[in-house]
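**Student:** give me coordinates for this.
(chains A and B)
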Protein chains: 2
Amino acid sequence: MIDTLRRYIPVFDWGAGYNRETFSNDMIAAVIVTIMLIPQSLAYALLAGLPPEAGIYASIVPIILYAIFGTSRALAVGPVAVVSLLTASAVGQVAEAGTAGYAVAALTLALLSGGFLLALGLFRLGFLANFLSHPVIAGFITASGILIATSQLKHILGVEAHGHTLIEMVGSLLSHLTQLSVVTLIIGAATTAFLFWVRKGLKPRLLKAGLSPKLADVATKAGPVAAVVVTTLATWAFGLSGWGNVAVVGEVPQSLPPLTLPGFAPELIRQLAIPAILISIIGFVESVSVAQTLAAKKRQRIDPNQELIGLGAANIGAAFTGGYPVTGGFARSVVNFDAGAETPAAGAFTAIGLAIAAVALTPLVFFLPKATLAATIIVAVLSLVDFSILKKTWAYSKSDFAAVTATILLTLGMGVEIGVASGVVLSVLLHLYKTSAPHVAEVGLVPGTEHFRNINRHKVETDPTLLTLRVDESLYFVNARFLEDLVQDRIAADCPIRNVVLMFPAVNEVDYSALESLEAINHRLTDLGIGFHLSEVKGPVMDRLKETHFLKELNGKVFLSQYQAWTELTQDSRLKVAE
Amino acid sequence: MIDTLRRYIPVFDWGAGYNRETFSNDMIAAVIVTIMLIPQSLAYALLAGLPPEAGIYASIVPIILYAIFGTSRALAVGPVAVVSLLTASAVGQVAEAGTAGYAVAALTLALLSGGFLLALGLFRLGFLANFLSHPVIAGFITASGILIATSQLKHILGVEAHGHTLIEMVGSLLSHLTQLSVVTLIIGAATTAFLFWVRKGLKPRLLKAGLSPKLADVATKAGPVAAVVVTTLATWAFGLSGWGNVAVVGEVPQSLPPLTLPGFAPELIRQLAIPAILISIIGFVESVSVAQTLAAKKRQRIDPNQELIGLGAANIGAAFTGGYPVTGGFARSVVNFDAGAETPAAGAFTAIGLAIAAVALTPLVFFLPKATLAATIIVAVLSLVDFSILKKTWAYSKSDFAAVTATILLTLGMGVEIGVASGVVLSVLLHLYKTSAPHVAEVGLVPGTEHFRNINRHKVETDPTLLTLRVDESLYFVNARFLEDLVQDRIAADCPIRNVVLMFPAVNEVDYSALESLEAINHRLTDLGIGFHLSEVKGPVMDRLKETHFLKELNGKVFLSQYQAWTELTQDSRLKVAE
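**Tutor:** Numbering: from 1, shown residues only, chains lettered A, B, ... in the order given. Below you'll find the predicted structure:
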């Protein structure tokens, strides 16, 4: 009972050993993370097309629920860039940004996504996330970074613009360029430049000036906070929102997260179901990667299926407290970890900090320019853009290169959902294609040894009456017919062959289709009076074959080693030579 | 030039050696096949919901085009049961049976299907057909056989009925049962019983009576022709179509295949595109299986990509000459082969025979009862129904069983298209699932040898500081994270480990995702001061790895054999023991 509780509600596990020292470490981390999260949450809400407070609400209850159900000690859950973009794309298809329906749809999306994650976790289906290959993820993140940065240009330029693909966005920006607000552009451009400088130029200088790497890091992370304070003060002091046409965040309700109800209309659920699945899987992959990286540093373990439950609970929490889909974010988690967080309690303290901010500090952001928030997003996401994956995959594997290229182009050209879905489908198809024509080597005996090697790569002995093919792939429906064809080709082309041996040391599976192909090969060779044998069949494969009629019908033998096969099957030829 | 011609137009190949003997053999086969095809073509047209002559037209020009472009010497192309059912299902969704729109849609379907096959062939994408696993095909054929037989019951009962799923069909039959025509039922039931008897009872008797097997076979195949003749004469003589309410074929135009134009409306093409792809692939798989089986018997070869071109041309021909989608049929091809056909010219002679029938014999089928045709279909397709695949796959592989069960249930319950598509998707997912958690064995040294075996299956030597894992699967995105997790689990659980070796003798591929996982494992183990090594890496995998930074960053070594790894990495422990 206690064990079950500890497994599904890890708080009972780490909570038992909680003491004053862990408390103070967690507290320090929480303060640092809270300061960083305030502008970030506002910015991501803006990216998702939601009112700014939604970003803060999405960081409070979800963090607490994740602290109870999640297994990572340092993961910080809340709105992240890619999921915010996906939310904007999904919800934008069912409601107009800024309307009440839009906010309700975002809640529904969080609920569906949370329910889906929870179900995956309870049924222990976390492995499904593995269908996203690394190159597809890398390509998707890069393309998303570009899309997100482009989507924020309208706030920097102070114009209206729409669109979910790169071309739509750029077209819309260009057509609205006459509305350009020069003051907004100055604020946006200056903030962007400042933040880039903080990231690239400030840290080395601080380190040179003798600051500890940890302090230098905290100072760097405080850059966005400084930008927020300065631009807000400037806008307020010079009345820029009036004569300068600078769009500001405006009134944000001073309130704890409200109790909200997602929409349950069947049509809404139908429209949001697929995007919710996509958001769940992408969010889960991002979150679990971060959690694993951090856990590995302390030789800790995370349980992917329990992570699904934790993230599911967090999203359901977001759905009922005015938030939108959340996941474990890279930047916030690393800051939390570096700041010394030891348990999920650090997250809970962060939630308290944000709750205080939601109640007390929201009036202070009235004059915060949207351009400043856009600048923080642009600088954050451009660090995600990394085209080196193209070069790396090109050098290593053309099919991975094809998958990543398609993902990037389709994400940019047709939107995030089609982009990532195509990437997944293409990876699977390319994998199947690769295994559909497996490497099969004709082998011969290395003279003086009992080893067999590819006749095209090595000087080996062969016998004209014996054809030995080493199959370097599991046999299953996609390549079953290939093997049939190959054997038939060789037999049709080469008449003196009396025996065929298939070497199976690298065959890890023979599925039912492949079994039927082996039977077909056996029938054909039997008809032609040619012996058909197997050699070096693995234990698990042999166990399966033993349960079938195939071994009884096989006109030849199953040899434990290829050398035995060689010795026995070439006896006649050798005798003839001896004569 | 000549070689290219011969490759793409095989007629130039076999045509050169054509002589009087092959001519007479081909001619005899053609006469037998023609007699068998007349009732079959009429019946399949009925199944497809088309006028009876469409079945004959679909057997004329397509056969000639296949004879020119196809590679199989004995394949007989024309309407087949499963493709006729698929045609009825697809065209039934866009037009009402019996209308002009219905016939035009069938032509369009043939054109799309032909174009798709041709494109696959020209781009040499024949391997795509391998995505249909044998169990999925077997399940689909069985379920289709049941659906087809059920769909024909209405003709046997002489009632109206509709529907594309088993439940719809049975429900519709029951609700129309009051229209029952007793005379029709008698004709239908008697014909069905007679044909079953011919199939099961007649042949053994003829053989006993001293007939040669070949003659007995021909006599058996003539059963449907006899049934057609007798029931037509009876209907005409007793005027059954009048007072008995027996539905007859009626007037069939006396004409050579007409020149027809498929519909090109974008909406029609959009609706029929997916069904056309399905029909193409299923038709191709059926055709190529038959062609390969027959070719193998004579040690001949067929080229799957050229087969696609042949079948593509045949379908395009059908589209412009009043037919509907065609493919190589099992029954007709086997008859053709058994009757001694030596070249595709036999097909061309069959086409001439059918053309003569279309011009001269069609008035004779005016009084042919539809119930007779339905009986021939029922008896033909019930021989396709074979539930033994369930038992066989259950015994051999539960995941193949799952795929075949889903295919059967979904085909019966939701129609042919959903059924086969679900089967394919499920096979792929199950395959990916199986490889997502590959077999990884912890191995130790078999005492006194240089061999390493699973520590759970064998008595082996191990060393507490050395963890050796043999990976029995190619590493790619679906299982990349699994390996990462597994290594981390073992490291977190077992503290004295100083070195980890991954044995790769069965790893046929390491894709980019898996490469990144190996890099991640290397980083983590390096952080923990644990050595990371590989052993027995295959040539092609090693070639790839050499092009990356991984081997430079690897904190350990790549050992040619696991025994070398063991000797070197357990040196310290053995020294300690020696002290």
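
**Student:** quick one: the strands in the stretch 251-400 of chain A, in order.
**Tutor:** For the stretch 251-400 of chain A, strands defined by DSSP state E, counting those that start in this stretch occupy the ranges A:327-328.

**Student:** so what's the residue count around the closest residue to chain B within it?
**Tutor:** Residue nearest to chain B within the stretch 251-400 of chain A (CB to the nearest CB): A:Asp400, separated by 3.9 Å. C-beta here means a position set from N, CA and C on the backbone, and glycine is covered the same way. A count of neighbours around A:Asp400, defined by other CB atoms under 10 Å in any protein chain shown, yields 28.

**Student:** surely it touches B:Tyr512?
**Tutor:** Yes. The pair A:Asp400 / B:Tyr512 is scored as a contact, 3.9 Å apart, by CB atoms under 8 Å.

**Student:** between those two, what contacts are shared?
**Tutor:** A:Ser133, A:Pro135, A:Thr393 (CB atoms under 8 Å, 6 or more residues apart in numbering or on different chains).

**Student:** which residues in the stretch 351-500 of chain A form helices?
**Tutor:** A:370-382, A:388-396, A:398-414, A:416-436, A:477-493 (DSSP state H, counting those that start in this stretch).

**Student:** with mean pLDDT added, can I get those helices in TSV?
**Tutor:** As requested, the helices of the stretch 351-500 of chain A are exported to TSV (pLDDT from 0 to 100):
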stretch	mean pLDDT
helix A:370-382	88
helix A:388-396	89
helix A:398-414	90
helix A:416-436	83
helix A:477-493	83
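
**Student:** most packed of these?
**Tutor:** helix A:370-382 (a mean of 26; mean count of other CB atoms under 10 Å in any protein chain shown).

**Student:** alpha carbons of that one, as PDB, please.
**Tutor:** The C-alpha trace of helix A:370-382 is given here as PDB (Å, rounded to 0.1, in the frame of the first residue of the first chain):
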ATOM      1  CA  LYS A 370       4.600  44.100 -25.600                       C
ATOM      2  CA  ALA A 371       7.700  44.800 -27.700                       C
ATOM      3  CA  THR A 372       9.900  44.100 -24.600                       C
ATOM      4  CA  LEU A 373       8.200  40.700 -24.100                       C
ATOM      5  CA  ALA A 374       8.500  40.000 -27.800                       C
ATOM      6  CA  ALA A 375      12.200  40.700 -27.600                       C
ATOM      7  CA  THR A 376      12.700  38.300 -24.700                       C
ATOM      8  CA  ILE A 377      10.900  35.600 -26.700                       C
ATOM      9  CA  ILE A 378      12.900  36.300 -29.800                       C
ATOM     10  CA  VAL A 379      16.200  36.100 -28.000                       C
ATOM     11  CA  ALA A 380      15.200  32.900 -26.100                       C
ATOM     12  CA  VAL A 381      13.900  31.000 -29.200                       C
ATOM     13  CA  LEU A 382      16.700  32.000 -31.600                       C
END
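
**Student:** show me what that helix is packed against.
**Tutor:** Counting contacts by 3 or more CB pairs under 8 Å, 6 or more residues apart in numbering or on different chains; DSSP states H and E, helix A:370-382 packs against helix A:20-47, helix A:81-92, helix A:134-157, helix A:182-197, helix A:223-238.

**Student:** chain B is nearest to which of the ones you listed?
**Tutor:** Here helix A:134-157 is closest among the helices and strands packed on helix A:370-382 (CB to the nearest CB), at 3.8 Å.

**Student:** relative to helix A:182-197, how tilted is that closest one?
**Tutor:** Going by axes from the mean of the first three to the mean of the last three CA atoms, to 10 degrees, helix A:134-157 is angled at 140 degrees with respect to helix A:182-197.

**Student:** what residues of helix A:134-157 count as buried?
**Tutor:** Along helix A:134-157, these residues count as buried under the neighbour rule (16 or more other CB atoms under 10 Å in any protein chain shown): A:134-157.
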